[in-house]
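Participant: just coords:
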């Protein structure tokens, strides 16, 4: 039997995030993929030779876990036209035209990130795309992943006409004459996705492997990956298993599964927690509503200045039946809920749901607008709140505009935590950038990158930096049912850590955005080091 490799990592300081850690800790001793001890370098290096010691100037923390990322979609989006900076529909069209000109052999043109809030919130029209690309199908995914904008050729390929009915849980946006404008919301996107060609397995694997390196450069050692009902890709689990078989997976992945496959998942006996330390099955992803960006988040009262309360995707009785059936089979529920009506329903149903058969807790994704009287319910019922602080950077003005006074209860991290909820931070990439520094900054300042609004947006909901860092480490570990193995640097836990060029727990909030990861370790292996 080959003895596992021993290595001592020495830094300027180590934040184990363990409550009983020595404040003067500056070293982590690893054997194989596990931590043996943390402590002072002078004590831990006894008996080790120089080849077993690695000096990493900087500050060590546990590796970060992005608790909400659409991994495959984000990886592929890095190969598409980036529309996130376009401030008019015409600017989107120009960017798409440039992208298409660089890829004349691609039959279909794909882009991602268009954001109607950058031009006042109005949905764009297919005519804008038809003027620049009248002959090639164009498919553009919105920044919130809940809408597609396509041109006339694409509508023809998908068979969408003025007579095409709205599909269940979806909407074809139409003008006053009933003509399809080219914008498809929620499940209506499937009308296009079923005819658009999907990329090959090798193309997807290469894209994910490249994206994995980008995550490591931000100190991210694990992700909770989500399927997207609007995607046109290969099943994420198939891609990740192929990467694992080819020894190309260097990231811990908790892969959630779509509710549309619940029968098959139960039939073959998959349960939440099945797998190992690198690739595990998560929960069953369900959508209760849409998103703020497309104004499809389901609200108890109409959006400001309208009669529209958004879109309820699952009927309450069916939602409860799905949660109950999944729990009985050992499958946790992972519920997308953004509007206050959706969050209330999620709290009601998950609060009653069975948990005794589960390897991980139920969780609500986003929790963007929580009714004030419900802030303590998640903590009371052990429901994880998976939230994405970087949404504040781009959404605070839209929330004020569309939700009015209700926005004071939006992204309410402090109130949720005070009510006992476990917070798990993520990026929601490709909706927002994957950079975790943005989330840390947003959580502790409640300001965007320009320092607005002055004093912070509802600053009473700010949390301190230690709590924010714990929401990127300890919180995701609890959400994955792996708190005994991840989230802290302690004996017996996986050797996953990040090294920063400055101390995240000591720098002013304004410096968080400039903080740089200089090394990342996954399972005791150095997977990234800044040259």
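Facilitator: Noted; the coordinates are in hand. What you see is a predicted model, and the numbers here were worked out from it, not measured in a lab. Residues are numbered from 1 along each chain as shown.
Participant: In the stretch 101-250 of the chain, where is pLDDT below threshold?
Facilitator: For the stretch 101-250 of the chain, the stretches flagged by pLDDT under 70 are 228-233.
Participant: where do the strands sit along it?
Facilitator: Taking DSSP state E, counting those that start in this stretch as the test, the strands found in the stretch 101-250 of the chain are 109-114, 138-142, 147-150, 170-174, 180-186, 220-225.
Participant: Now these in JSON lines, please, with extra columns for mean neighbour count and distance to residue 295.
Facilitator: Heads up, the C-betas are built off the backbone N, CA and C, glycines and all. Shown next, in JSON lines, are the strands of the stretch 101-250 of the chain (neighbours: other Cβ atoms under 10 Å; distance: least, Cβ to Cβ, whole Å):
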{"stretch": "strand 109-114", "mean neighbour count": "24", "distance to residue 295": "15"}
{"stretch": "strand 138-142", "mean neighbour count": "27", "distance to residue 295": "12"}
{"stretch": "strand 147-150", "mean neighbour count": "27", "distance to residue 295": "10"}
{"stretch": "strand 170-174", "mean neighbour count": "19", "distance to residue 295": "11"}
{"stretch": "strand 180-186", "mean neighbour count": "24", "distance to residue 295": "9"}
{"stretch": "strand 220-225", "mean neighbour count": "27", "distance to residue 295": "27"}
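Participant: Could I get those strands in TSV, plus columns for distance to residue 522?
Facilitator: Converted to TSV, these look like this (distance: least, Cβ to Cβ, whole Å):
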stretch	distance to residue 522
strand 109-114	28
strand 138-142	30
strand 147-150	35
strand 170-174	39
strand 180-186	36
strand 220-225	5
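Participant: Between the ones you listed, which one is closest to residue 341.
Facilitator: strand 180-186 (15.7 Å; Cβ to Cβ).
Participant: Where does the prediction get shaky in this protein?
Facilitator: 1-4, 228-233.
Participant: Could you list the domains of it?
Facilitator: 6-63+492-529, 66-71+199-479, 75-193 (automatic domain parsing).
Participant: Can you tell me which of the ones you listed is packed in deepest?
Facilitator: Neighbour counts (mean count of other Cβ atoms under 10 Å) averaged over each of these peak at domain 66-71+199-479, with a mean of 21.
Participant: ok now it, how far from the chain's centre?
Facilitator: Distance, stretch centre to chain centre, for domain 66-71+199-479: 6 Å (Cα atoms, centre = their mean, to the nearest Å).
Participant: For residue 470, which residues are in contact?
Facilitator: 17, 487 (Cβ atoms under 8 Å, 6 or more residues apart in numbering).
Participant: so it, which of the three states?
Facilitator: Following DSSP: H, G, I helix; E, B strand; the rest coil, the label given to residue 470 is helix.
Participant: Looking at the domains of the chain, spot the one closest to residue 485.
Facilitator: Of the domains of the chain, nearest to residue 485 by Cβ to Cβ is domain 6-63+492-529, at 5.4 Å.
Participant: Which among the strands of the stretch 101-250 of the chain is found nearest to residue 348?
Facilitator: strand 180-186 (22.3 Å).
Participant: chain center to the closest one: distance?
Facilitator: 24 Å.
Participant: Then stretch 135-143?
Facilitator: That offset, for stretch 135-143, works out to 23 Å (Cα atoms, centre = their mean).
Participant: Residue numbering should commence at 37 henceforth.
Facilitator: In the new count, where the first residue is 37, that last one comes out as stretch 171-179.
Participant: Name the residues that touch it?
Facilitator: Contacts to stretch 171-179, defined as Cβ under 8 Å, 6+ apart, come from residues 109, 113, 116-117, 119-120, 128, 132, 136, 143-152, 165, 183-187, 189-190, 193, 228, 232, 266, 329-330, 430, 466-467.
Participant: The same query, at a cut-off of 6 Å, please.
Facilitator: With Cβ atoms under 6 Å, 6 or more residues apart in numbering as the test, stretch 171-179 has contacts from 144-151, 165, 185-187, 189-190, 193, 232, 467.
Participant: Make JSON lines out of the domains of the chain and add distance to residue 522.
Facilitator: JSON lines is the format used below for the domains of the chain (distance: least, Cβ to Cβ, whole Å):
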{"stretch": "domain 42-99+528-565", "distance to residue 522": "6"}
{"stretch": "domain 102-107+235-515", "distance to residue 522": "4"}
{"stretch": "domain 111-229", "distance to residue 522": "23"}
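Participant: which SS class is the closest residue to residue 373 other than its chain neighbours?
Facilitator: In this structure, residue 373 finds its nearest non-sequential neighbour in residue 382, 4.2 Å apart by Cβ to Cβ, 6 or more residues apart in numbering. Recorded secondary structure, residue 382: helix (three-state DSSP).
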